[in-house]
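*Asks:* Give me a 3D structure for the following:
(one chain, ligands or ions: 2)
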Amino acid sequence: MSNVIAVVNQKGGTGKTTTALNLAAGLIRYSDITSSCLIIDMDPNGCASSTMLGKVETGAPQRSIFDVLRRAITPHDGIMSTVFSENIDILPSSPHLASMAKTQLFDRLKKVTEALASSYGWIIIDTPPNLGVLTTNAMVSADYLLIPSPINGLSVGTLRQLAAHIDMVRNNQNELLQVLGVLVTMKDARTKLNDKLVKEVKEIFGKDSIFKTHITTNTKLEEAPGEFQSIFSYDSSCVGATLYRDFLKKELLKKLKAMEKRRAELIEAKY
Ligand SMILES: Nc1ncnc2c1ncn2[C@@H]1O[C@H](COP(=O)(O)OP(=O)(O)OP(=O)(O)O)[C@@H](O)[C@H]1O
Ligand SMILES: [Mg+2]
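*Replies:* Ligands and ions are numbered 1, 2, ... in the order given. Model prediction:
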């Protein structure tokens, strides 16, 4: 069975795609589930797809997650290999995904992740910067959510709105959905997080909700996608690689273990 992690934040440019790509690359390297990883790119802009396929897409790809969601092809037929890693595949995005925004098809992606669950150790879903039908599909399909966010004056209101949306999904479509936490991104290495804002975020998502590793602004993290590489293969000793590695090895994998246990207990209590 795959662990399905959706990377979400309805605000643009918070480091979702950067985190999703490096999370996939890091999980393959550092988790003890050694089987492969699938990225599902639910953002019509397709940044994750361009980076992973090693080309800047012009127009719609030959096959995409859109074709899978509209049931023109099977989930397996939509999958492509990546230049990123031989252990990471992708269901690429298409600009046509945007047309799903007007639909009420909230559980299409869940059928896809269920069909592919036995083929991958991890499924990572990258999402667009809104709380529309595409992000909701990701939340309905996911076991866990990871929220990359700068912690600044503008982000707290966004996070409150995100928490309300997560509650709505939990109440209606996915009661086992768990939030792994908020990963602080784009932080200026020289400044401290604002205590008042940190307290507010902890009130929204819980006292252990902010990962202790903060991803600082790092030029290498910005350069790596242009070279179609993860930060670990682009420059494994740079600050960005060290921080994502620490986040993964010291925190995320441990939290995932605890949450998997919690998930099993919830399932047992339910059935
Ligand atoms: N820690 C970082 N240091 C420097 N640049 C970063 C960092 N994280 C991400 N970036 C850069 O910031 C930009 C936005 O990051 P990214 O695309 O990951 O955000 P996003 O949340 O996926 O954006 P969108 O909402 O538009 O999909 C990109 O150019 C990326 O390379
Ligand atoms: Mg993105």
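*Asks:* Pull the distance from the helix or strand hosting L134 to the chain's centre.
*Replies:* According to DSSP states H and E, L134 maps onto helix 133-141. Taking Cα atoms, centre = their mean, to the nearest Å, one finds the center of helix 133-141 at 11 Å from the center of the full chain.
*Asks:* Can you list the residue ranges for helices in the stretch 51-200 of the chain?
*Replies:* Ranges of helices in the stretch 51-200 of the chain, per DSSP state H, counting those that start in this stretch, are 65-69, 75-78, 108-116, 133-141, 155-172, 195-205.
*Asks:* Alongside ligand 1, which residues does this protein contribute?
*Replies:* On the criterion Cβ under 6 Å from any ligand atom, ligand 1 has as its neighbours in the chain the residues 12-18, 43, 47, 129, 185-186, 215, 217-218, 221-222, 225. (Glycine included, C-beta is placed from N, CA and C.)
*Asks:* In strands, which of these fall?
*Replies:* Under the assignment DSSP state E, the residues of the chain next to ligand 1 contribute nothing to strands.
*Asks:* hmm, which of these are the buried ones?
*Replies:* 14-18, 43, 47, 129, 185-186, 215, 218, 221, 225 (16 or more other Cβ atoms under 10 Å).
*Asks:* Can you sort out which of these also neighbour ligand 2?
*Replies:* K16, T17, C47 (Cβ under 5 Å from the ion).
*Asks:* Nearest to T136 among those residues?
*Replies:* Nearest to T136 among those is K16, at 15.3 Å by Cβ to Cβ.
*Asks:* check contacts around the closest one.
*Replies:* V7, V8, N9, D126, T127, P129, P148 (Cβ atoms under 8 Å, 6 or more residues apart in numbering).
*Asks:* Which member of those is positioned nearest ligand 1?
*Replies:* P129 (3.4 Å; Cβ to the nearest ligand atom).
*Asks:* quick one on the thing from earlier: which strands and helices sit next to the helix holding L134?
*Replies:* strand 3-7, helix 108-116, helix 155-172 (3 or more Cβ pairs under 8 Å, 6 or more residues apart in numbering; DSSP states H and E).
*Asks:* how about the residues of the stretch 1-150 of the chain near ligand 2?
*Replies:* K16, T17, C47.
*Asks:* Quick check: the closest residue to A98 other than its chain neighbours vs ligand 1, distance?
*Replies:* Once flanking residues are discounted, A98 sits nearest to P44: 4.2 Å by Cβ to Cβ, 6 or more residues apart in numbering. Going from P44 to ligand 1 by Cβ to the nearest ligand atom, to the nearest Å gives 10 Å.
*Asks:* What are the phi and psi values at P44?
*Replies:* Dihedral pair for P44: phi -60, psi -20, per degrees, to the nearest 10.
*Asks:* Please verify my assumption that it contacts P92.
*Replies:* No - contact criterion Cβ atoms under 8 Å: P44 and P92 do not qualify, at 11.1 Å.
*Asks:* ok, those two, which is more surrounded?
*Replies:* P92 (27 against 19; other Cβ atoms under 10 Å).
*Asks:* I'd like the distance between that one and ligand 2.
*Replies:* 14 Å (Cβ to the ion, to the nearest Å).
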